[in-house]
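> Here's a sequence, model it:
(one chain, ligands or ions: 1)
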Amino acid sequence: MSPTYSEYLRLDELLKLQTGVEGENRNLCNDEMHFILVHQNFELWFKLIINELKCTRRLLSNEFVKEENLPRAVHHMDRIIEVFKLMSQQWRVMETLDPQDFLNFRDDLGTASGFESIQMREMEELMGPKWVDGKPFGKPSQSSEKSLYKVVCDWLYRTPIQGSVVDAKDDTDIVDNFINDYISAFQKQYSEDDESIVNFFEGDRNLRRRRAGLLFIESYRSLPLLAWPRKLISKLIELEQAMLLWRSSHARMVERMIGRKIGTGGSSGVDYLDMTTKFRVFIDLWLVRSILVKKQSLPSLNNSEFYEFKGE
Ligand code: HEM
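Prediction:
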């Protein structure tokens, strides 16, 4: 038998959950009901984002990522981006709470705070380790599962560079040549003394190859087979940017609501929230932007036929 609308969505249960702590039987004022509903709305969106992040990660986590998985991963990320954009607007609903009226029930929250949101931390874990001003932030993850950042790094590591695949016999030489040619092109366009390009490639073979792969995709993005990889990279940046703008709009709402008061979770409040807008996860993807050169200055491309579409 077909379920009713309410059965399907389990509305009876859902709509009974706006009571504050179970069993306390407090009479919530209209403002506090509003406060609870807005928070619950966000937590439902978080649930959607977590599901979509897991789908994206799964599509990119095979050793050989199939071509057709890239548009599918982009599709999931598009959904996440739209939700973050929507959530950035949702603070306006919260702001219809008057700062003084908030104080009527703020003490009842005790130490409860968005700080304790398990889903928020899960989103962060799924994205990957955070960096602030070029330094790692926080404790290393305890999760045995790979983050989206890690699967993206593994995928970038396998990018064919100048037509050379990662396990080819002379791959290391080809990649080193590409890196050296690029460094010369960069220093010719900017300055011989500009070390940022050298620093970008400072590290083990894994780091050098994945960053060279990223740079290769960004530089020769008009090649047919690089179109979707390039799209995927720009979606990852868009996703992280949407998340940062959401963090930043939360901080502005909080500043308007409680000024410079400390948070119920015990942090410094707005200063802490502003610091979180410095977090960067996809550091390679942000960094690469500083070392791009104009198209005419790029090292000459070898084996371009490798990147053409091939018939069955
Ligand atoms: C009157 C409304 C709000 C105020 C004044 C406020 C204030 C704060 C403050 C001061 C913090 C820093 C941690 C602390 O010391 O408590 C924080 C963190 C947080 N808040 Fe809010 N908040 C409000 C509404 C919301 C809503 C509606 C959500 C949606 C779920 C939310 C989600 C979060 C999250 C996820 C964090 C942790 C951020 C992080 O650590 O990166 N907040 N909030």
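> how about the strands in the stretch 1-150 of the chain?
Taking DSSP state E, counting those that start in this stretch as the criterion, the stretch 1-150 of the chain carries its strands at 130-132, 135-137.
> Tell me which of those lies nearest to the ligand.
strand 130-132 (9.5 Å; C-beta to the nearest ligand atom). Every residue, glycine included, has its C-beta placed from N, CA and C.
> Flag every residue of the chain that's near the ligand.
38-39, 42-43, 94, 102, 113-115, 117, 120, 250, 254, 257-258, 263-267, 269, 272-273, 276 (C-beta under 6 Å from any ligand atom).
> Now list the buried members of those residues.
Among the residues of the chain next to the ligand, those buried by neighbour count (16 or more other C-beta atoms under 10 Å) are 38, 42, 94, 102, 120, 250, 254, 257-258, 263-264, 269, 272-273, 276.
> Can you tell me which of the residues you listed is nearest the ligand?
Relative to the ligand, and with distances defined as C-beta to the nearest ligand atom, the nearest of these is Gly263, at 2.0 Å.
> how near is the closest residue to that closest one other than its chain neighbours to Ile262?
Spatial nearest neighbour of Gly263, excluding adjacent residues (C-beta to C-beta, 6 or more residues apart in numbering): Gly269 at 4.7 Å. Using C-beta to C-beta, to the nearest Å, Gly269 is found at 5 Å from Ile262.
> Quick check: the residue of the stretch 1-150 of the chain nearest the ligand.
Counting by C-beta to the nearest ligand atom, the stretch 1-150 of the chain gets nearest to the ligand through Gly114 (2.1 Å).
> Could you find the closest non-adjacent residue to that residue?
Met120 (6.8 Å).
> Can you find the helix or strand of the protein with the lowest average pLDDT?
In the chain, the helix or strand scored least confidently by mean pLDDT, DSSP states H and E is helix 196-200, which has a mean of 94.
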